[in-house]
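Undergrad: pasted the sequence and its predicted model underneath.
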Amino acid sequence: MTTLKVHNIETAPENSKPLLGNSQKSFGMIPGLHGVLASAPKALEAYQTLHKLFGESSFNEDELTVVWQTINVEHACHYCVPAHTGIAKLMKVDDAITEALRNETPLESIKLEALRAFTLSVVRNRGNVSQEELAVFYAAGYGEQQVLEVILGLSQKVISNYTNHIANTPVDAPFQAFAWKK
């Protein structure tokens, strides 16, 4: 049962209506998460802005997926794991990457595995990563920019994962085939 209201354009606060219109244009629907966030227009705006900025980061589609899904799985987000599975398919990310992330198994690519391990450490240790972990991340070909971009991605995912936990947001119909449970 949903514990927070899931708005549509008609029921949303006035300042959220144009933001939900943007969601409709971008996704062809209003994702349930966006409908929940609409209760607080600035929260919805922040989420949409962070999503846009993270998507424009130096990470490619595989790397975006690694950061998003590593965080989603660690946070056990019933909504975001299926949603990002569908998004990964739309972005043409190899299903093997998605399955490894969903099942918490190592990735075949050394570089992507370094990104997954670093992201996981940032989440679990609340940013208190060791110099050794940074060295492994840098040795894989990443730099200071990507350290900060992982934090940017985490900022986006904290908003969505925590909101979905509190709201118990129903998984959107297009993503129900990718249902997941930790």
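TA: Okay, I see it. Model, not experiment: these values are computed from the prediction. Numbers count the residues shown, from 1 in each chain.

Undergrad: which residues touch the stretch of helix or strand residue 117 belongs to?
TA: Element membership of residue 117 [criterion: DSSP states H and E] is helix 110-124. The contact list for helix 110-124, computed with C-beta atoms under 8 Å, 6 or more residues apart in numbering, reads 62-63, 66-67, 70-71, 74-75, 97, 101, 106-107, 129-130, 133-134, 136-137, 139-142, 146-147, 150-151, 153-154. Glycine gets a C-beta too; all of them are placed from N, C-alpha and C.

Undergrad: what residues does the closest residue to residue 29 other than its chain neighbours make contact with?
TA: Excluding its sequence neighbours, the residue lying closest to residue 29 (C-beta to C-beta, 6 or more residues apart in numbering) is residue 172, at 6.9 Å. Residue 172 is in contact with 29, 31-32, 83, counting by C-beta under 8 Å, 6+ apart.

Undergrad: by neighbours, which of these wins?
TA: In terms of neighbours by other C-beta atoms under 10 Å, those top out with residue 83 at 26 neighbours.

Undergrad: which secondary structure element contains the most centrally placed residue in the chain?
TA: The C-alpha lying nearest the average C-alpha coordinate of the chain belongs to residue 68 (C-alpha atoms, centre = their mean; 3.9 Å). Applying DSSP H and E as the criterion places residue 68 in helix 61-74.
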